[in-house]
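In: here you go, sequence then predicted model.
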Number of protein chains: 2
Amino acid sequence: MPVISKRGQQMPNSPIRKLVPLAESAERRGIKVYRLNIGQPDIPTSPNALAAIKNISSPIIDYGHSAGNESLRKKFVEYYKSINIELDYTDILITTGASEAITLTLLTCLNAGDEIIVPEPFYANYFSFATATDVEVIPVTSTIESGFALPPVSEFEKRITSKTKAIIICNPNNPTGHVYSQKELEQIRDMVVRHDLFLLCDEVYRELCYDDTVFTSAMQIDGLDKHLILIDSVSKRYSATGLRVGLIASRNKELLQTTLKFCQARLCPPNIGQLAAEAALDSPPEYLDMVYNEFLKRRNFIVNELNSIEGVFCPVPKGAFYVMVKLPVDDAEKFAMWMLEDFSYDNKTVMLAPGSGFYYNTDLGRQEVRVAYVLNINDLKIALDCLRRGLQAYPGRTLSANKLKDTVITSIK
Amino acid sequence: MPVISKRGQQMPNSPIRKLVPLAESAERRGIKVYRLNIGQPDIPTSPNALAAIKNISSPIIDYGHSAGNESLRKKFVEYYKSINIELDYTDILITTGASEAITLTLLTCLNAGDEIIVPEPFYANYFSFATATDVEVIPVTSTIESGFALPPVSEFEKRITSKTKAIIICNPNNPTGHVYSQKELEQIRDMVVRHDLFLLCDEVYRELCYDDTVFTSAMQIDGLDKHLILIDSVSKRYSATGLRVGLIASRNKELLQTTLKFCQARLCPPNIGQLAAEAALDSPPEYLDMVYNEFLKRRNFIVNELNSIEGVFCPVPKGAFYVMVKLPVDDAEKFAMWMLEDFSYDNKTVMLAPGSGFYYNTDLGRQEVRVAYVLNINDLKIALDCLRRGLQAYPGRTLSANKLKDTVITSIK
């Protein structure tokens, strides 16, 4: 038979999705699976978005503009204005989710073989998008022991070579919850300007910052106009992941003109999704407050619960809705599989995302998992009870991570 | 500023979409633009699809399965069964339109630098998808003078090198209207098996074959199980282009497992689109008959009308809803721009897709345009009147194409 491509062979299985067949198999055996592996909140989609879908009046679901519907782009301009970001609608290209936004940006900014620097642990699919576009990921490692504090910018700079074309950051960070300070962003700005690099900034969790953390957008940092590509999405903000509507924003017109050519090839983003997204941007403040308060409550709950399990360690995330958690197990991926294949308590179990896929050097995440706190407190309670019992019963358990708990502050005030 | 990637620079502007800014500018001047550049029919979307959208009941528009919703994949199995194609739902991956299906298939089957053989003129975006994935397009040219008859398979075989990994055909063909005979498909089968190549077969216009033309799907040709990737879409069949729902079907499980990794990275296809597509597959036969009869009527009308214009030549397409047309002009792209920028009749004009973008050697399409007969007869009448008058007034007109009309049969019985 003909041979599959090398890039196809090298493409990683998503750590977030690869265990889905095991979860489906458990469900077929009658087991309820609490899915903490994926950023799919159980929060209802913005009522404005749902109403827009139900009220569609056009008799034809036709192609839209390759850059996205002008009315949606203009609505985004209003939204950005409301959070003190000045953009023109021509600075915006609507994409099929942030996923497509990142892929098209990589294609626009990097050639095959070029390098992109990424702080790790990173959103696992960054590595997938880079593999699909033949781009080399160069990691800068942050550690769970330091609460995933951002390594100094000098660590990034050390990794810059003649092949380096871009840096990508996720702010607030998936999976660590790190929120970049204005000072950190300015240091990164100085570096990308000095080395003439592109800066990709993924801000899809912008509204979810906790405690006293102040969010600064890279779009609010001066001097980045030619360098910055903002990645955004309505998926998380309006609990509307299935719409597949994201965007690229940049003040670099030449860059956007180039990206538009890739957009033209795939014709247009999903049109009903765009209609719904446009309505979602008019969601009442009460909806967004509800979403925020819900995630804050869940974060506080899950961090305290996780750290109360013997041998488990989880730093306090300052943003987004994930925690990276160190487990007292030999191999977190084996454990996650075991939880789906061999374990259940009261006919229930938990699905986790193995941490190894969030690191370039997969071994660094061998004892970690990413947990998405996307279920309501009641479900989280049951899920964490399963996890606690699973960790007690797992044949490959260790307790080496235990003493970590005394070295950093992990409880929520 | 940082430098745009070479692949970004090499990416072509879509001949179908690149003139959109000129059309928008004409519209702002109050001119009605008849858009024959793009395969966007004015036919209402399947009523079943529209009803499904209006009746969504889920409170959360959530992620679906990366392979596509199981219920939709199973519904496609029924559809294929009804047209004598046997597939299992696990042979199917739902994609964000046929566009994504082709891109993901290229990534799965070819490495950067590998070659794909494509009969030309081809769907212009094949070239774009190949450029985006660093794949080399090797054309096999068919000519308007021969009515775009498929060149003998020996012409394909001559172009096979150690870098050739695949052949892509579109059947019925966009833009030529060629419908592949069973014999042609068997010859292609023998070739791809002999040289161990992948065969990508894009059949999104399957139901639109005219006159006595019998459609054969590559899926009905024996011996291709490891080689064939079928590309499909609901866009054209149900007049639902904006849903962005297509698919990849293959009996090669290893191939699909690899493609699924690319699917996982982008999470899922648009979920409301999938819901609507599933309903569309239940469209009543009367809807599909209406669509078919409408396109047949339009084809007959437009071919006769075009060939009645002095100096214009257009072979009779046997399928899909496009014609490649030779115009008596110095440069069809200049003419298409002139029609939008400098011409109007009774405040109306026509938008055409310049032919050059449908050829690897763009010069071959210098006097050709692709016309999509996607408007109703009334609108087509006005559009063709504009075109006729535009051709008379265009400063760069020639009449060299005129004598072609005596050499082939171009009228519809």
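Out: Nice, I can see it. Numbering: from 1, shown residues only, chains lettered A, B, ... in the order given.

In: what's around A:Tyr126, how many residues?
Out: 24 (other CB atoms under 10 Å in any protein chain shown). Any C-beta I mention is one placed from the backbone N, CA and C, and that applies to glycine too.

In: that one and A:Val118 touch, don't they?
Out: Yes. Using CB atoms under 8 Å, A:Tyr126 is in contact with A:Val118, at 5.8 Å.

In: common neighbours of those two, please.
Out: Counting by CB atoms under 8 Å, 6 or more residues apart in numbering or on different chains, the shared contacts of A:Tyr126 and A:Val118 are A:137, A:168.

In: would you mind naming the residues that bridge with A:Val323?
Out: In this entry, A:Val323 is beta-bridged to A:Val371, by DSSP bridges.

In: and it, what does it touch?
Out: Counting by CB under 8 Å, 6+ apart, A:Val323 has contacts A:175, A:177, A:299, A:302-303, A:306, A:314-315, A:317, A:370-371, A:373.

In: tabulate the residues you listed (a markdown table), appending pLDDT, distance to B:Ile231 and secondary structure.
Out: Converted to a markdown table, these look like this (pLDDT from 0 to 100; distance: CB to CB, whole Å; DSSP: H, G, I helix; E, B strand; the rest coil):
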| residue | pLDDT | distance to B:Ile231 | secondary structure |
| --- | --- | --- | --- |
| A:Pro175 | 98 | 35 | coil |
| A:Gly177 | 97 | 41 | coil |
| A:Arg299 | 98 | 44 | helix |
| A:Ile302 | 98 | 43 | helix |
| A:Val303 | 98 | 47 | helix |
| A:Leu306 | 98 | 45 | helix |
| A:Cys314 | 96 | 45 | coil |
| A:Pro315 | 97 | 46 | coil |
| A:Pro317 | 97 | 42 | coil |
| A:Arg370 | 97 | 34 | strand |
| A:Val371 | 98 | 38 | strand |
| A:Tyr373 | 98 | 39 | coil |
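
In: of these, which is the most crowded?
Out: A:Pro175 (31 neighbours).

In: so that one touches A:Gly319, yeah?
Out: No. Using CB under 8 Å as the test, A:Pro175 is too far from A:Gly319 to be in contact (11.3 Å).

In: give me the neighbour count for A:Val214.
Out: A:Val214: 8 neighbours (other CB under 10 Å).

In: SS state for it?
Out: coil (DSSP: H, G, I helix; E, B strand; the rest coil).

In: how close does it sit to chain B?
Out: Counting by CB to the nearest CB, to the nearest Å, the gap from A:Val214 to chain B is 29 Å.

In: ok, that residue - contacts?
Out: Counted by CB under 8 Å, 6+ apart, A:Val214 has contacts A:181-182.

In: please repeat the previous calculation with a cut-off of 7 Å.
Out: By CB atoms under 7 Å, 6 or more residues apart in numbering or on different chains, the contact list for A:Val214 is empty.

In: swap in A:Lys318?
Out: Neighbouring residues of A:Lys318 by CB under 7 Å, 6+ apart: A:172, A:177-179, A:209-211, A:213.

In: among the residues you listed, which pair sits farthest apart?
Out: Comparing every pair within the contacts of A:Lys318 by CB to CB identifies A:His178 and A:Asp211 as the most remote, at 12.8 Å.

In: in helices, which of the contacts of A:Lys318 appear?
Out: Among the contacts of A:Lys318, the subset assigned to helices under DSSP state H is empty.

In: and which of the residues you listed is nearest chain B?
Out: Among the contacts of A:Lys318, A:Pro172 lies closest to chain B (CB to the nearest CB), at 19.1 Å.

In: tell me the confidence at the residue nearest to the closest one when sequence neighbours are not counted?
Out: Spatially, and ignoring its direct neighbours in sequence, A:Pro172 is nearest to A:Gly319 (2.6 Å; CB to CB, 6 or more residues apart in numbering or on different chains). Among the per-residue scores, A:Gly319 shows a pLDDT of 98.

In: so A:Gly319 touches A:Thr176, yeah?
Out: No. Contact criterion CB atoms under 7 Å: A:Gly319 and A:Thr176 do not qualify, at 9.2 Å.

In: more neighbours: those two, which one.
Out: A:Thr176 (29 against 26).

In: contact partners for that one?
Out: A:121, A:142, A:148, A:317, A:324.

In: against A:Pro315, how distant is it?
Out: Going from A:Thr176 to A:Pro315 by CB to CB, to the nearest Å gives 8 Å.

In: need the overlap of contacts for the two.
Out: Contacts common to A:Thr176 and A:Pro315, judged by CB under 7 Å, 6+ apart, are A:Phe148.

In: strands along the stretch 1-150 of chain A, start to end?
Out: A:32-35, A:92-95, A:115-120, A:136-141 (DSSP state E, counting those that start in this stretch).

In: which other helices and strands contact the second one?
Out: So the one you mean is strand A:92-95. Judged by 3 or more CB pairs under 7 Å, 6 or more residues apart in numbering or on different chains; DSSP states H and E, strand A:92-95 is in contact with helix A:70-82, strand A:246-249, helix A:253-265.

In: each with direction, which strands does the shortest one pair with?
Out: The one in question is strand A:246-249. For strand A:246-249, pairing defined by DSSP bridges yields strand A:92-95 (antiparallel), strand A:228-233 (antiparallel).

In: switch those strands over to JSON lines; also include mean neighbour count, mean pLDDT and distance to A:Ser82.
Out: Listed next are those as JSON lines, based on neighbours: other CB atoms under 10 Å in any protein chain shown; pLDDT from 0 to 100; distance: least, CB to CB, whole Å:
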{"stretch": "strand A:92-95", "mean neighbour count": "27", "mean pLDDT": "98", "distance to A:Ser82": "15"}
{"stretch": "strand A:228-233", "mean neighbour count": "25", "mean pLDDT": "98", "distance to A:Ser82": "14"}
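
In: burial count for whichever residue of the stretch 101-250 of chain A sits closest to chain B?
Out: Proximity of the stretch 101-250 of chain A to chain B (CB to the nearest CB) peaks at A:Gly242, 3.1 Å away. A:Gly242: 29 surrounding residues under other CB under 10 Å.

In: can you pull the contacts of it?
Out: Contact analysis of A:Gly242 by CB under 7 Å, 6+ apart lists B:61-64, B:268, B:271-272.

In: same thing but at 8 Å, please
Out: B:60-64, B:268, B:270-272.

In: can you tell me which of those residues lies nearest to B:Gly396?
Out: Nearest to B:Gly396 among those, with distances taken as CB to CB, is B:Pro270, at 42.9 Å.

In: break chain A down into its domains, please.
Out: Domains of chain A are assigned by automatic domain parsing as A:6-44+A:286-406, A:47-280.

In: and the first one, how far out from the chain middle?
Out: Using CA atoms, centre = their mean, to the nearest Å, the mean C-alpha position of domain A:6-44+A:286-406 is found 15 Å from that of the whole chain.

In: just the helices in chain A please.
Out: A:6-10, A:20-28, A:47-54, A:70-82, A:97-109, A:124-132, A:153-157, A:182-194, A:253-265, A:271-280, A:285-307, A:332-341, A:377-393.

In: in the last one, what counts as buried?
Out: Right, helix A:377-393. Across helix A:377-393, burial judged by 16 or more other CB atoms under 10 Å in any protein chain shown covers A:379-380, A:382-391.

In: find the nearest non-adjacent residue to the residue of the stretch 101-250 of chain A closest to chain B, please.
Out: Using CB to CB, 6+ apart, the nearest residue to A:Gly242 is B:Asn271, at 3.1 Å.

In: mind listing what the one you found touches?
Out: Going by CB under 8 Å, 6+ apart, B:Asn271 touches A:242-244, B:61-64, B:69.
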